[in-house]
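Engineer: output the structure for:
(2 chains)
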Protein chains: 2
Amino acid sequence: MTRFVCRDCGLDFDVMVPRWRCDCGGLLDLDFTPSLDPAKVAGRPATLWRYREALPVPEGAELTLGEGFTPMVEVELGGRPVLVKQEQLFPTGSYKDRGAAVMMAMAAHIGVTDVVEDSSGNAGCAVSAFAAKAGIRCRIFVPADNSPGKLGQIELYGAELNPVPGSREDTAAACMAAAKDHYYASHVYNPFFFHGTKTFAYEVAEQLGWRAPDTVILPAGNGTLLLGAHIGFGELRDMGLIERVPRLVAVQSARCAPLCAAFAEGADGVSAAVSGPTLAEGIAIGLPMRGTQMLQAVRDTGGTCLAVSEEAILAAFRDAGRKGFCIEPTSAAVAAGAARYAKNADPDETIVTMFTGHGLKVGDKLHKLVSD
Amino acid sequence: MTRFVCRDCGLDFDVMVPRWRCDCGGLLDLDFTPSLDPAKVAGRPATLWRYREALPVPEGAELTLGEGFTPMVEVELGGRPVLVKQEQLFPTGSYKDRGAAVMMAMAAHIGVTDVVEDSSGNAGCAVSAFAAKAGIRCRIFVPADNSPGKLGQIELYGAELNPVPGSREDTAAACMAAAKDHYYASHVYNPFFFHGTKTFAYEVAEQLGWRAPDTVILPAGNGTLLLGAHIGFGELRDMGLIERVPRLVAVQSARCAPLCAAFAEGADGVSAAVSGPTLAEGIAIGLPMRGTQMLQAVRDTGGTCLAVSEEAILAAFRDAGRKGFCIEPTSAAVAAGAARYAKNADPDETIVTMFTGHGLKVGDKLHKLVSD
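Structural biologist: Numbering: from 1, shown residues only, chains lettered A, B, ... in the order given. Now for the predicted structure:
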């Protein structure tokens, strides 16, 4: 039986009852045992639901916009071929659909009728879209100074915007207050979200012929993909479908690199970093709530943390475009990290990375980003 | 052996020599015989290249950004379920990638080093992206009054913009003049483009278990998808993989509906229509060059033509959003047509349509389109 488990005190809870943290305040994970038969998977539709026995959502409760099983394409990065998952091709334009699909499927399954979330970015879009698909009312808390133009995609999906005056932290606080009475569809706290993003690992393994790559290079903002990949590859190893968990390499913008700092210092936890302006807005998280867990994922797998400069991000963005790929500037930070890593890697090393979000998310800025 | 064949005089030409029309001025088709083994296809990567024996490009000349095999999702339209191919999830954000992938693969194969095209919209983006992938120089002719913001995606892919003063027709004339010395990567004239868009039919048939739907509802601007579907379903029937070609229903904006007018009049050819302002910009083509062929495709299959109002387009756009799908207004015209058709269809009829382009293409306008 799937249960919520507190990372701090070990208490466990029924997943049929909405909950986003432990009574002690601790973060929740899922106690869940996946199973999977690759022969069965092979004939199923090309969405992330092909791994349904490995997903903590009951059969029949699937919720789909056609998401997942993104193409993995060889791209030259750092002077050598790297396998790049095309996560920008998800329905809402980012890999956040992985988490939102599974989380909102579970929310619908337990009878939730309205949800709250605090993200004006890709997570907010993904949650809004799957709430729409499920017929669930969705309220997105956003800082009041956000421009309406930036929020058009969220509005399109029919979500209500709840502007909060003050800082990004004030927005989070307002959302948490609302989460007392409403389901908190959080990409940071809700562990079902991470059991959606873990499908990234399943797809990579299947697309490599049920084999793990040596190294995976990922973004590290709130760690939704890093932690998902860690869970996913770990499950695949435990099921005997791959031999070992690949090295997980976390990339941050040098302008906001709390994980890199903690990793370099050998610290157990992550301290708050001040964020300067960066092209990689989507991963500029000064204090990731699951920082300790993120550090463990990197260390347990023999990985490392890389901080990339604004110049490297812009160069990677333009380089991707010149190769035919339209990606978000945040995504270019990961590509820059992958290029740097690849340059010094063993020639035989299988390296996987991903384009995380679509460049059309910033369509009105493309001209300036290319010409400046 | 694959050959160019003139639709007017029947002359045929070597496809290894660049050519975009006959010496007599007639439009070119391809004389090409596909083959396909569904058992072989099943195990291949989920891109349109899985149908490679049915594509007029030699083995080894494939060019890919990971395009095709788009999900087909059931969506309620007109009060009943309709199967909707998610063509907005192509790398550049529209189904035009089907045509560009195959056309540019062939161009690279015959040693082309630079191409010209006249489209400031989805076709221009698709051609630019695959030219970038192939390392081919690309020049896009656009009306001089186009705003730079609209062209950012084309610039991102490294294509050169060639602004032409005057009308849309002046732009086309300038491009045709340049096509005397350069390869014309045209989504209207180049028959390889249509042998790319035909993969839509192959995917639909495979996703239905090698069966044809009863009806397919498509956009009709220049007819790139309509004619591609007609070729594809026809080939599948000729190979015995499906029993018959589905009814092809062509949708236009009522503000620019030359095909609908010709169909209603029982004319053999299409006369120029004056285009009023429409949300469905992408299909507002006053005089489609392949109009006669488009009429034949509709009539041969027992299909029909539908013109949809601005109100219906806006309603379909918002309805799609409320269901979790972010689509272009042009795409909403097709959805509006599909909803109207579905409402009166036989309950047992299998109806397929598609979302043609991503709503993020007009990301900066979403707020206004939702709120007005």
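Engineer: CA only for contacts and neighbour counts going forward, please
Structural biologist: Noted.
Engineer: need the contact list for the closest residue to chain B within the stretch 1-150 of chain A.
Structural biologist: Of all residues in the stretch 1-150 of chain A, residue A:129 sits closest to chain B, at 4.2 Å by CA to the nearest CA. When the contact criterion is CA atoms under 8 Å, 6 or more residues apart in numbering or on different chains, the partners of residue A:129 are A:92, A:154, A:157, B:321-325.
Engineer: for residue A:41, grab the count of nearby residues.
Structural biologist: Residues lying near residue A:41 (other CA atoms under 10 Å in any protein chain shown) number 16.
Engineer: wait, it sits on residue A:51?
Structural biologist: Yes. Contact criterion CA atoms under 8 Å: residue A:41 and residue A:51 qualify, at 6.6 Å.
Engineer: let me see the domain layout of chain A.
Structural biologist: With domains defined by automatic domain parsing, chain A comprises A:3-31, A:72-93+A:198-371, A:97-191.
Engineer: before we move on, the earlier item: Three-state assignment for the residue of the stretch 1-150 of chain A closest to chain B, please.
Structural biologist: Classification of residue A:129 using DSSP: H, G, I helix; E, B strand; the rest coil returns helix.
Engineer: where's it relative to residue A:63, distance?
Structural biologist: To residue A:63, residue A:129 is 11 Å away according to CA to CA, to the nearest Å.
Engineer: dump the domains of chain A into TSV; add mean pLDDT as well.
Structural biologist: Shown next, in TSV, are these (pLDDT from 0 to 100):
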stretch	mean pLDDT
domain A:3-31	97
domain A:72-93+A:198-371	97
domain A:97-191	95
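Engineer: of all these, which lies closest to residue B:29?
Structural biologist: domain A:72-93+A:198-371 (27.8 Å; CA to CA).
Engineer: the closest one close to chain B?
Structural biologist: Yes. Domain A:72-93+A:198-371 reaches chain B (CA under 8 Å from any CA of the partner chain) through A:72-73, A:86, A:89-92, A:318, A:321-326, A:360-368, A:370.
Engineer: buried ones only from the residues you listed, please, as a PyMOL command.
Structural biologist: The command below creates a PyMOL selection of those among these that count as buried (16 or more other CA atoms under 10 Å in any protein chain shown):
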select buried, chain A and resi 72+73+86+89+90+91+92+318+321+322+323+324+325+326+360+361+362+363+364+365+366+367+370
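Engineer: in strands, which of the residues of domain A:72-93+A:198-371 next to chain B appear?
Structural biologist: In strands, judged by DSSP state E, the following of the residues of domain A:72-93+A:198-371 next to chain B are found: A:72-73, A:86.
Engineer: can I assume residue A:48 is in contact with residue A:67?
Structural biologist: Yes. Contact status for residue A:48 versus residue A:67: in contact at 6.4 Å, counting by CA under 8 Å.
Engineer: just the strands from chain A, written as ranges.
Structural biologist: Counting by DSSP E, the segments of chain A that form strands are A:3-6, A:12-14, A:28-31, A:72-77, A:80-86, A:114-117, A:137-143, A:160-164, A:183-184, A:215-219, A:247-253, A:305-308, A:351-355.
Engineer: nearest to residue B:253, of those strands?
Structural biologist: Counting by CA to CA, residue B:253 lies closest to strand A:160-164 out of the strands of chain A; the figure is 31.0 Å.
Engineer: re the thing from before, any idea which of the strands of chain A gets closest to residue A:290?
Structural biologist: Nearest to residue A:290, of the strands of chain A and by CA to CA, is strand A:28-31 at 10.2 Å.
Engineer: the one residue in the stretch 201-350 of chain A that gets nearest to chain B: what's it in contact with?
Structural biologist: Closest residue of the stretch 201-350 of chain A to chain B, CA to the nearest CA: residue A:324 (4.2 Å). Contact partners of residue A:324, counting by CA under 8 Å, 6+ apart, are B:65, B:128-133, B:157.
Engineer: next one: stretch A:96-107 to chain centre, how far?
Structural biologist: 11 Å (CA atoms, centre = their mean, to the nearest Å).
Engineer: dump it to PDB, keeping only the CA atoms.
Structural biologist: C-alpha atoms of stretch A:96-107 as PDB (Å, rounded to 0.1, in the frame of the first residue of the first chain):
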ATOM      1  CA  LYS A  96       6.700  19.900 -15.500                       C
ATOM      2  CA  ASP A  97       3.900  18.100 -17.300                       C
ATOM      3  CA  ARG A  98       5.400  14.800 -16.000                       C
ATOM      4  CA  GLY A  99       4.800  15.800 -12.400                       C
ATOM      5  CA  ALA A 100       1.500  17.600 -13.000                       C
ATOM      6  CA  ALA A 101      -0.100  14.600 -14.900                       C
ATOM      7  CA  VAL A 102       0.600  12.100 -12.100                       C
ATOM      8  CA  MET A 103      -0.200  14.500  -9.200                       C
ATOM      9  CA  MET A 104      -3.500  15.800 -10.700                       C
ATOM     10  CA  ALA A 105      -4.500  12.200 -11.700                       C
ATOM     11  CA  MET A 106      -4.100  11.300  -8.000                       C
ATOM     12  CA  ALA A 107      -5.900  14.400  -6.900                       C
END
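Engineer: at contact distance from chain B, anything in that stretch?
Structural biologist: No. Using CA under 8 Å from any CA, stretch A:96-107 stays clear of chain B, coming no nearer than 11.2 Å.
Engineer: among the contacts of residue A:324, who's most crowded?
Structural biologist: Counting neighbours by other CA under 10 Å, residue B:128 comes out on top of the contacts of residue A:324 with 36 neighbours.
Engineer: quick one: residues contacting it.
Structural biologist: A:324, B:138, B:140, B:154, B:157-159 are the contacts of residue B:128 under CA under 8 Å, 6+ apart.
Engineer: picking that back up, for residue B:265, which of the domains of chain A is the nearest?
Structural biologist: Residue B:265 lies closest to domain A:97-191 among the domains of chain A, at 38.9 Å (CA to CA).
Engineer: can you give me the end-to-end distance of the closest one?
Structural biologist: Note: domain A:97-191 ends 14 Å apart using CA to CA.
Engineer: how many residues are close by the spatially closest residue to residue A:226 that is not a sequence neighbour?
Structural biologist: Nearest non-adjacent residue to residue A:226, counting by CA to CA, 6 or more residues apart in numbering or on different chains: residue A:218, 6.2 Å away. By other CA under 10 Å, the residues close to residue A:218 number 30.
Engineer: my guess is residue A:218 meets residue A:225, correct?
Structural biologist: Yes. Shown here, residue A:218 and residue A:225 form a contact pair, counting by CA under 8 Å, at 7.1 Å.
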